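Trainee: show me the folded form of this:
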Amino acid sequence: MSKKTENHVGYLPDESPSFGKLILFAFQQILVMFPATVTVALLTGFHVSTTIFASGLATLCFIFITKGQIPLYYGSSFSYISAITGITLVQEYGQIAPNELIQKAQFGIMASGLISIAAGIIIQRFGKDKIEKVLPPTVTGTIAMVIGISLAVTAFTSAVGYDAATNSTDNLSWIVSMVTLVSTVLFSVYLKKGVLGQIPILLGIAVGYIFSIIVGVNIPSILGESLITVPHFTLPTVSWEAVFAIMPIAIATIPESTAHLYQLDIYINDLSKRKNGKKYDIENKLGLNLIGDGVCDIISASIGGPAGTNYGENISTMAITRNFSVKVLGAAAIITMFISFFAPLTNFVNSVPSAVINGACIYLFGVIAAQGLAIMVNKKVDLFDSKNLAIIAIITIIGIGGCYGFPNGLIPFMGFKLPAIATASIFGIIFNFILNFGKPSE
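Mentor: Numbers count the residues shown, from 1 in each chain. Prediction:
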């Protein structure tokens with residue numbers, strides 16, 4: 001191994017750590033995706049164990065379809081929540097919807113997967129340059145920033161134990177979350193070598209978890225009534241109502257997937273320059289990425305899982321740890337599927353206090369926003385250009401204003417409830433088209 005390689009710890013997509021490290025790194029990826037993936041199930045009425053299993057299975061399928069060229073983890077998407085709950089009719093957090101309603105929603109989610117596949121095929125046929133006219137860095141970079149900022153309230157209020165009814169926070173949650181945040185940041189910044197340099201998020205969460213036990217935070221028992229729990233699998237049933245409600249959301253999630261891919265391209269090639277200089281052409285695999293996304297939606301929905309997307313939390317973790325190994329994500333997917341059957345493991349992950357997970361997420365979600373800025377810097381977006389400023393401003397205000405101004409980030413419009421980020425994406429695309437109409441290509 002060359003001295004140049006030794007001086008820069010990290011793993012590129014086609015590299016793999018030893019087996020022991022592989023398992024350790026995989027658990028780090030599981031911990032950061034678990035809360036959001038489970039939350040979507042609890043909000044939409046889907047079965048938690050099935051959602052967890054579907055997440056792992058879909059990730060493995062994504063890796064197979066993309067031939068291990070794109071290091072992404074597939075988790076449940078928040079963009080589809082309102083459309084799905086419109087079919088499952090869930091009114092309370094944690095309520096399980098009847099099988100017949102879940103099955104209808106499954107059909108709609110599978111149809112939405114066809115949209116992503118069609119978009120991917122079009123991009124592969126006509127090239128990335130064509131899609132960049134629709135989704136330039138001003139759109140994708142800003143969307144990535146909005147995604148990170150939109151998660152800020154959830155992360156911070158959950159981290160400090162905010163009670164809206166009394167407008168107060170919990171002192172113990174403040175302490176635990178800040179210990180976790182500071183630990184995670186210090187580990188990320190100062191641990192640069194060896195195995196420890198690759199697991200700063202896991203270490204930060206571990207410190208927060210141990211500290212929680214020491215200071216007396218109530219940790220639920222990981223031993224349940226049964227050792228093995230088989231996920232509740234259901235088959236889809238035809239519902240055109242579900243298709244019309246859920247399918248259009250896929251169009252609005254394409255900019256999010258595009259932004260994630262551009263983020264990966266920047267950070268992977270930055271690491272590669274430091275290690276061996278090999279060029280990883282990630283951004284030109286957008287078509288393949290969207291096809292993989294669509295197939296994953298179909299696979300997840302076919303067994304009773306919700307619609308999903310590649311997770312920004314996992315991308316942030318990879319960027320922070322410089323670990324982009326596809327095999328690590330594959331291992332995380334397999335372990336996740338195992339966890340869905342093994343109740344004590346599920347209970348253990350769920351036992352991590354909210355203050356701990358969200359203390360780390362303050363950092364992770366901030367990194368997602370910073371990556372959006374990195375996209376625009378890397379693509380040399382002129383931030384003094386009035387056209388660019390207009391597009392950035394519109395996406396930012398609609399996206400963030402919609403997320404914070406309306407319950408669950410759903411904007412009321414003519415009897416419909418529009419997801420804020422998806423709406424901001426569409427407005428950004430429309431204004432980009434208007435402002436560039438008739439303008440010759442540069």
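Trainee: what segments of the stretch 1-150 of the chain are helices?
Mentor: 3-6, 19-44, 48-65, 81-88, 99-126, 128-134, 137-150 (DSSP state H, counting those that start in this stretch).
Trainee: from the contact counts, what lies against the longest one?
Mentor: So that's helix 99-126. helix 81-88, helix 240-246, helix 249-275, helix 286-302 (3 or more Cβ pairs under 8 Å, 6 or more residues apart in numbering; DSSP states H and E). In short, each C-beta sits where N, CA and C put it, glycine included.
Trainee: what stretches of the chain score poorly on pLDDT?
Mentor: By pLDDT under 70, the low-scoring segments of the chain are 1-8, 82, 92-94, 128-131, 194-195, 197, 224-225, 252, 408, 438-442.
Trainee: follow-up on the earlier one: and of the helices of the stretch 1-150 of the chain, who's closest to residue 235?
Mentor: Evaluated over the helices of the stretch 1-150 of the chain, closeness to residue 235 peaks at helix 99-126, with 6.5 Å, by Cβ to Cβ.
Trainee: and the closest residue to residue 174 other than its chain neighbours, what does it touch?
Mentor: Once flanking residues are discounted, residue 174 sits nearest to residue 160: 5.1 Å by Cβ to Cβ, 6 or more residues apart in numbering. For residue 160, the contacting residues are 169, 170, 173, 174, 177, 355, by Cβ atoms under 8 Å, 6 or more residues apart in numbering.
Trainee: hmm, 6 Å instead?
Mentor: Counting by Cβ atoms under 6 Å, 6 or more residues apart in numbering, residue 160 touches 169, 173, 174.
Trainee: next one: residue 26
Mentor: Counted by Cβ under 6 Å, 6+ apart, residue 26 has contacts 328, 331, 332, 335.
Trainee: close enough to count as contact, the second one and residue 22?
Mentor: What it means is residue 331. Yes - Residue 331 lies in contact with residue 22 (Cβ atoms under 6 Å); the separation is 5.1 Å.
Trainee: which one of these two has more residues nearby?
Mentor: residue 331 (22 against 17; other Cβ atoms under 10 Å).
Trainee: would residue 231 count as being in a strand?
Mentor: No - counting by DSSP: H, G, I helix; E, B strand; the rest coil, residue 231 is not part of a strand but coil.
Trainee: that one and residue 100, how far apart?
Mentor: Per Cβ to Cβ, to the nearest Å, residue 231 is found 18 Å from residue 100.
Trainee: which of those two has more neighbours?
Mentor: residue 231 (19 against 10).
Trainee: all helices for the stretch 301-442 of the chain, in order.
Mentor: Using DSSP H, counting those that start in this stretch, helices in the stretch 301-442 of the chain cover 312-321, 326-341, 343-350, 354-378, 386-405, 420-436.
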